[in-house]
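# I need the structure of the sequence given here:
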Amino acid sequence: MTQRLTGRTALVTGSTTGLGAAIAEALAAEGAFVVVSGRDARRGGDVVARIEKDGGAAAFVTADLSAGAEVIGRFATDTITAAGGRIDVLVNNAALLLTPTPTAEVTQETVDEALAVSVRSLFLLTGLLAPPMAERGRGAVVNLGSINGMRGAAQSALYSMTKAAVHSLTTSWAAEYGPHGVRVNTVAPGPTLTEKVAAMEEHLAPIIARMPSRRAGTPAEVAAAVVFLASDEASQIHGATLAIDGGFTAV
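Numbers count the residues shown, from 1 in each chain. The predicted structure follows:
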């Protein structure tokens, strides 16, 4: 069977663990050369090793996406070099996962870090990597949003704000880059059983109880949606938000 992403290169931000790692491994399983990125070189190396063990190809590039434009610019250049000269698929997965906290108790430092990691870095990195895709007339950007960016959630105002920004950027970039062959879409997971999310199980229980599926999702289910949106099977999908939430936002 032909792999859907053979011959293409992909960058997945925040992919040393959790959902990002699952996405990186799924893209590699479909034939893409994947640049794994994050702060922890040991964990990044583990993801690369798993990909290579399964017959895929990958490289790790260190990234601190809380930094400013100069650092992110160097990171973009390094990823292009690691990928052999181009990035065909950009998955903006990196984000600051926040514990539910009343708005009045959120510190300015937390606000600044959340905006830097979850919004500013995505904005700057896409501005560096999407234009070369547009020049080639082909590419895909998949942003990781959240159901929190689609509806209100008590004590999650900051996280919801950053994800709503991601959803807004998706539609704006679809209008900007779509006419040049670059598709931009969002995957919006609901509760998904990563290690970090599992630690918030008590907070998530009321949400899961309202989901038609009556269960949390898995990283593999979200990764499958990312692969689909990155592939030619989604060639007529631009500016969409695909909720992977067991039906929570639909009912």
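# hang on, residue 21 packs against residue 15?
Yes. Between residue 21 and residue 15 a contact is recorded at 5.5 Å, counting by Cβ atoms under 8 Å. Every residue, glycine included, has its C-beta placed from N, CA and C.
# So between the two, which is more surrounded?
More neighbours surround residue 15 than the other of residue 21 and residue 15, with 31 against 25 (other Cβ atoms under 10 Å).
# Tell me how many other residues crowd residue 233.
For residue 233, the neighbour count with other Cβ under 10 Å is 11.
# which residue of the protein sits farthest from its center?
Using Cα atoms, centre = their mean, the residue of the chain lying farthest from its centre is residue 104. It sits 28.5 Å away.
# pLDDT value on that one, please?
At residue 104, the model reports a pLDDT of 97.
# any idea what it is structurally, helix, strand or coil?
Per DSSP: H, G, I helix; E, B strand; the rest coil, the secondary structure class of residue 104 is helix.
# ok, it - contacts?
Listed by Cβ atoms under 8 Å, 6 or more residues apart in numbering, the contact set of residue 104 is empty.
# related to what we said a few turns ago, anything in contact with each of residue 21 and residue 15?
36, 47.
# quick one: the strands in the stretch 1-150 of the chain?
9-12, 33-38, 57-62, 89-92, 139-144 (DSSP state E, counting those that start in this stretch).
# next structured bit after the lowest-mean-pLDDT helix or strand in the chain?
Least confident helix or strand, the chain: helix 195-198 with a mean of 71, by mean pLDDT, DSSP states H and E. Counting by DSSP states H and E, the next helix or strand C-terminal to helix 195-198 is helix 201-210.
# Following element in sequence after that following helix, please.
helix 219-230.
# Can you give the distance of that following helix from its chain's centre?
Mean-position distance between helix 219-230 and its chain equals 10 Å (Cα atoms, centre = their mean, to the nearest Å).
# Next, the buried residues of it.
Neighbour-count burial for helix 219-230, counted by 16 or more other Cβ atoms under 10 Å, picks out 219, 222-230.
# just stretch 83-91 next, same as before
Buried-residue list, stretch 83-91, by 16+ other Cβ under 10 Å: 83, 87-91.
# Give me the contacts around that stretch.
5, 8-13, 15, 20, 23, 27, 32-33, 35, 59, 79-80, 125-126, 129-130, 132-133, 136, 138-144, 226, 230.
# Could you verify my assumption that residue 121 touches residue 94?
Yes. The pair residue 121 / residue 94 is scored as a contact, 6.5 Å apart, by Cβ under 8 Å.
# Identify the contacts common to the two.
Counting by Cβ under 8 Å, 6+ apart, the residues touching both residue 121 and residue 94 are 13, 65.
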